[in-house]
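K.L.:
Any chance you can model this:
(one chain, ligands or ions: 1)
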Amino acid sequence: MTLRLHSWPTPNGHKIHILLEELGLPYELVPVNIGAGEQFRPEFLAITPNHRIPAIEDDGVALFESGAIMIHLCEKHASPLLPASGPERALCLQWLMFQMGGVGPMFGQYNHFAAYAPEKIPYAVERYGNEVQRLHRVLEKRLSAAPYLAGDAYTIADIATFPWIRNPERRGIDLDHFPAVKRWHDAIAARPTVARGVAVLAENQRRGPMTEKERENMFGATQFQAR
Ligand SMILES: N[C@@H](CCC(=O)N[C@@H](CS)C(=O)NCC(=O)O)C(=O)O
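P.N.:
Residues are numbered from 1 along each chain as shown. Presented below is the predicted three-dimensional model:
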């Protein structure tokens, strides 16, 4: 049965678009327009009660959370993008969790308060802006010591983190101040598989200010309705 991927062109979606290109796996793409509220459709809620992309259906298994999806796909296809054992695997999972628990949520909150919040709350912008800077410094330290996050090899830890480092200007980051992160970013961006991954659904990428309807779906009562 063909793998089905429910996704949209956001950093969390791009992780899986890139991984599937790296694995060379065919898949059926089901776009979920999160600005239009398609994440609340019953058929999507049946796959993920968390109503967020990405999610997959694979051989009768429905999975959400991009990190779990990446681990599942690499284990199923015996991919070295998740080292099979030993310290390489532990380090890969460590940096994957650093992305899932740190980079993603903190950068997301920064975007929200800097770009989308209806009122400017300086404390929130400053707090998450500081976290964005701090997390870049952690990455800089690691990538000054090793070519990739888990060590010598490119892994899903890099794939998960890369989409959050693209477009650094959106987070007030100048990668010239983080030369090791820049070297790592440029090496990953040059991979044809990555270029193909970030091109998936690119024509739907949101540009310009949010409409009232998008704002309502993402941040309003619709988002927080009990389901
Ligand atoms: N921890 C989740 C985060 C997923 C997530 O936040 N997805 C966003 C797009 S990047 C989404 O679907 N948002 C829809 C909404 O907030 O309703 C993962 O890594 O899969």
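K.L.:
Next, the buried residues of stretch 113-126.
P.N.:
If you call a residue buried by 16 or more other Cβ atoms under 10 Å, then stretch 113-126 has these buried ones: 113-114, 124-125. In this view, the C-beta of every residue, glycine as well, is placed from N, C-alpha and C.
K.L.:
Same question for stretch 207-224.
P.N.:
Here stretch 207-224 shows 214-215, 217-218 as buried, counting by 16+ other Cβ under 10 Å.
K.L.:
Give me the contacts around it.
P.N.:
By Cβ atoms under 8 Å, 6 or more residues apart in numbering, the residues outside stretch 207-224 that reach it are 34-37, 39-40, 112, 116, 206.
K.L.:
ok, so what distance separates residue 173 from residue 134?
P.N.:
Using Cβ to Cβ, to the nearest Å, we find residue 173 at a distance of 12 Å from residue 134.
K.L.:
follow-up on the earlier one: just the buried residues of stretch 207-224: which are in helices?
P.N.:
Cross-referencing these against helices under DSSP state H gives 214-215, 217-218.
K.L.:
ok so, going back, would you check which of the contacts of stretch 207-224 are in contact with the ligand?
P.N.:
Filtering those for neighbours of the ligand using Cβ under 6 Å from any ligand atom leaves 34, 39.
K.L.:
By neighbours, which of the contacts of stretch 207-224 wins?
P.N.:
residue 39 (23 neighbours; other Cβ atoms under 10 Å).
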